[in-house]
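Engineer: I would like the atomic coordinates for the input below:
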Amino acid sequence: MPAPGGAPDWARELALAFESGAHGQFVLYGNVHDRLPFGDRLVNLERYLEEDLLAGFPIVFAYDLGNALSIRRGGERVQQWGGFAEFKRAAREPLTALQAVGQYVRYQGNLHALNRGDAEHVAFVLRGADQILPAEGAGFEHGSLTSVLREWATDAPFCELPFASLLVCDNLTDLEPRVAFAPQVARIKVPLPETAALAEVLEILGAKYPRAFSADIDKAATAAALKGVTSAALESLIKRRSHEGRAIAGVDLAEIKKSLVEREASGLVEFIESGRTLDDYHGQEPLKTWLRQDLALWRAGDTRALPKGYLLCGPVGTGKTFLVECLAGEAGVPVVKLRNFRDRWVGSSEGNLEKIFRLIRALGRCMVFIDEADQTLGRRESGSGDSGLSGRLYSMIAQEMADSRTRGQVIWLLASSRPDLIEVDLKRPGRVDVKVPLLPTTTQAESAALVGALARRFQLELTAAELQGLESQLPLLLTPGAAEALVVKAYRMARIETRTPYDALQACLAGYQNPVPRDVLEAQMRLAVREATDLGFVPPSLRYLAEEAEAP
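Structural biologist: Residues are numbered from 1 along each chain as shown. Below is the predicted model of the structure:
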């Protein structure tokens, strides 16, 4: 199984494991439904395996639930076997099909033991292995299939012959763990295409569909801009553009990437696009300075000083999500928001999370935003009601966040009004290095400045003197969310009752009540201050909360 020089890394890894005799059984998982460049065309994974990686195997079998057992190469040789008639009858059901292949390999082993020639190289490709042998499976047939595949990986004659069994599945966690995680099995991850592979795909498609490309487009730069997109999605887009006669131009690439990635991720993620910058976030000047310094280091490629992640914590309405939108507009890198990846089907949530991680790694430099992190990230100790799901998700996320190889590539942004509910291990340095409290106003002057900034956004013109006149009526502990609701109400009143902005705001303040009870606000403020990695992020008027938090 010599891998060609231009083969992808995963194919070379597989070939080395087989050629060295280290492994004969392989689980291929990840981006297994994509199209791969092969010569001047794009082929699916199974065709690539048969025509390239297994080109030296005279006999290749394949099985999937839709097409049953088939002989992809060497049918005339198999027909010479005395058990061929039984082989044909066993082709439909998974267990009998695998047993028939096992009998043929044993037949080859017997010939070799009798010195009747060298054993022929035999390969077997099991497509949709997770559907045939799912992780949550049970019963006699499931156990029998597990036994057959484990025997192929560990016992003679299978591990002594040039026999390769390749099990293809979407996610490693969807496959029976006694097969997927057996020490004798090599797990080969098929990643999303790298920039070089995408450039090759674009060259192939450019020759076939020239109408889809503008004359001045740089295919190498286009491939770099589209990193994180599958070849299949790109092929589909180019065929459509060619049919419409609408060429791809450089200005399209950001929108193309967003739509393709979101479609491939099946609603599990969304890209945060924002025209705002940190200038649009009112207050928190020390924090904005810190964030801009980190972005400058990132652009300069000095990744050693960058944090692995930020925790944005504070009472509800303090603008945690808005701050992320402002950061997205200033960062100049993709900012991906995780949506609900939990599923009611056993194993689906873990599979969804694996798909998200593959996408994040393929994007290169990016930020990952997890809102309501205290609910999303799971718990180390799962309750009895979720069959251990929360604990498994916690473990997967913790491992991904702690991967030191992603420092400077992926920055995690966690937001929560209850940071105390996030597991301590997920908040430790190496996963979240900077914890930032976002806090409400503590003086009436701060409240006036916040209301004034939001009023300008709604074209409610207030003079400095008018704002100063409103100060005595403005509440303390005003959050950006509460201030925006107040300004929206004043805007509505100004439009309906044709009042001046000053009169409208004054009327709205007459019976104003903070939408969040004071005791809740103060409790959440205390939690946020306790989490802060640097008291420089905390206004001097609120630093007493840190002392209260430390008191016995």
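
Engineer: which strands and helices sit next to the lengthiest helix in the chain?
Structural biologist: Identified as the longest helix of the chain according to DSSP state H is helix 94-113. Secondary-structure packing of helix 94-113 (3 or more C-beta pairs under 8 Å, 6 or more residues apart in numbering; DSSP states H and E): strand 59-64, strand 68-73, helix 84-89, strand 122-126, helix 140-154. C-beta coordinates here come from the backbone N, C-alpha and C atoms, glycine included.

Engineer: Can I get these in CSV including distance to residue 182 and mean neighbour count?
Structural biologist: CSV is the format used below for the helices and strands packed on helix 94-113 (distance: least, C-beta to C-beta, whole Å; neighbours: other C-beta atoms under 10 Å):
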stretch, distance to residue 182, mean neighbour count
strand 59-64, 20, 22
strand 68-73, 23, 18
helix 84-89, 27, 14
strand 122-126, 15, 25
helix 140-154, 6, 17
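
Engineer: and these as TSV, adding distance to residue 354 and mean pLDDT?
Structural biologist: Below are those laid out as TSV (distance: least, C-beta to C-beta, whole Å; pLDDT from 0 to 100):
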stretch	distance to residue 354	mean pLDDT
strand 59-64	21	95
strand 68-73	28	92
helix 84-89	36	79
strand 122-126	19	96
helix 140-154	21	94
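
Engineer: one step back: give me the buried positions along the longest helix of the chain.
Structural biologist: By neighbour count on 16 or more other C-beta atoms under 10 Å, the buried set for helix 94-113 is 94-95, 97-102, 104-105, 108-109, 112.

Engineer: Can you give the domain ranges for the protein?
Structural biologist: What the record gives for the chain is the domain set 9-190, 195-264, 271-437, 444-510, from automatic domain parsing.

Engineer: so which of those comes closest to residue 525?
Structural biologist: Nearest to residue 525, of all the domains of the chain, is domain 271-437, at 5.9 Å by C-beta to C-beta.

Engineer: Just the mean pLDDT for that closest one, thanks.
Structural biologist: For domain 271-437, mean pLDDT rounds to 84.

Engineer: related to what we said a few turns ago, with distance to residue 242 added, can I get the helices and strands packed on helix 94-113 in a markdown table?
Structural biologist: Shown next, in a markdown table, are these (distance: least, C-beta to C-beta, whole Å):
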| stretch | distance to residue 242 |
| --- | --- |
| strand 59-64 | 31 |
| strand 68-73 | 32 |
| helix 84-89 | 43 |
| strand 122-126 | 32 |
| helix 140-154 | 43 |
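
Engineer: so which of these comes closest to residue 227?
Structural biologist: Closest approach to residue 227 among the helices and strands packed on helix 94-113 (C-beta to C-beta): strand 122-126, 28.6 Å.

Engineer: Would you mind pulling the contact partners of the closest one?
Structural biologist: Here strand 122-126 makes contact (C-beta atoms under 8 Å, 6 or more residues apart in numbering) with 46, 49-50, 54, 57, 59-64, 72, 98, 101, 104-105, 108, 132, 161-168.

Engineer: which of the buried residues of helix 94-113 lies closest to residue 475?
Structural biologist: Using C-beta to C-beta, the buried residues of helix 94-113 come closest to residue 475 at residue 94, 67.8 Å.
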